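# Sequence and predicted model, in that order:
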Amino acid sequence: MALDAIEYPCHPFPMKARLVIRDRRIFDDGSLIDMVIWLVPEPVPPTSHGLKYRLCYGRAGRRLVGCDNERGKGDHRHYEDVEEPYVFVSLERLLDDFEADVVRMRGAPI
């Protein structure tokens, strides 16, 4: 079942997860950006915001830059082989920070 079809009947006002952004870009050098962001009815523990997201920039099957949040781990970012916590401020800031990391890795604007 697709995530956008899942209902949350225990929520006081049942709602479905709602797709906010789905974007995939493939560059001439074979690298790609894949972004998926959902508005969810309950925060993904231990986060306190209502987004579930996966942002990835990679090449040849390897993630070079990424930001995501997962249950138990919370918001974090990946830059090459380094994973570190990410302080989520807003969706706009998340996208700006991800873009800055990708530009730094690519050495060119996206």
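Structure's in. What do you need? Numbers count the residues shown, from 1 in each chain.
# what about the strands in this protein?
18-26, 32-39, 51-59, 62-70, 74-79, 82-85 (DSSP state E).
# okay, the angle between the fifth one and strand 51-59?
Here strand 74-79 runs at an angle of 10 degrees relative to strand 51-59 (axes from the mean of the first three to the mean of the last three Cα atoms, to 10 degrees).
# circling back to that earlier point, single out the most deeply packed of the strands of the chain.
Ranked by mean neighbour count under mean count of other Cβ atoms under 10 Å, the strands of the chain are led by strand 51-59, which reaches a mean of 20. Glycine gets a C-beta too; all of them are placed from N, C-alpha and C.
# tell me the contacts of the nearest residue to Asp29 once chain neighbours are set aside?
Distances taken as Cβ to Cβ, 6 or more residues apart in numbering place Arg59 nearest to Asp29, at 7.2 Å, with adjacent residues excluded. Neighbouring residues of Arg59 by Cβ atoms under 8 Å, 6 or more residues apart in numbering: Asp29, Gly30, Ser31, Leu32.
# just checking, the third one touches Tyr57?
Yes. Between Ser31 and Tyr57 there is a contact at 6.8 Å, judged by Cβ atoms under 8 Å.
# Tyr57 is in contact with Ile26, correct?
No. If you go by Cβ under 8 Å, Ile26 and Tyr57 don't touch, sitting 11.3 Å apart.
# Closest to the centroid, which residue in the chain?
Arg54 (2.5 Å; Cα atoms, centre = their mean).
# Could you check the pLDDT of Glu42?
Predicted confidence (pLDDT) for Glu42: 91.
# What's the separation between it and Arg77?
23 Å (Cβ to Cβ, to the nearest Å).
# In contact with the closest residue to Pro85 other than its chain neighbours: list those residues for me.
With sequence-adjacent residues excluded and distances taken as Cβ to Cβ, 6+ apart, Pro85 is closest to His76, at 5.4 Å. Listed by Cβ under 8 Å, 6+ apart, the contact set of His76 reads Cys67, Asp68, Asn69, Glu83, Glu84, Pro85, Tyr86.
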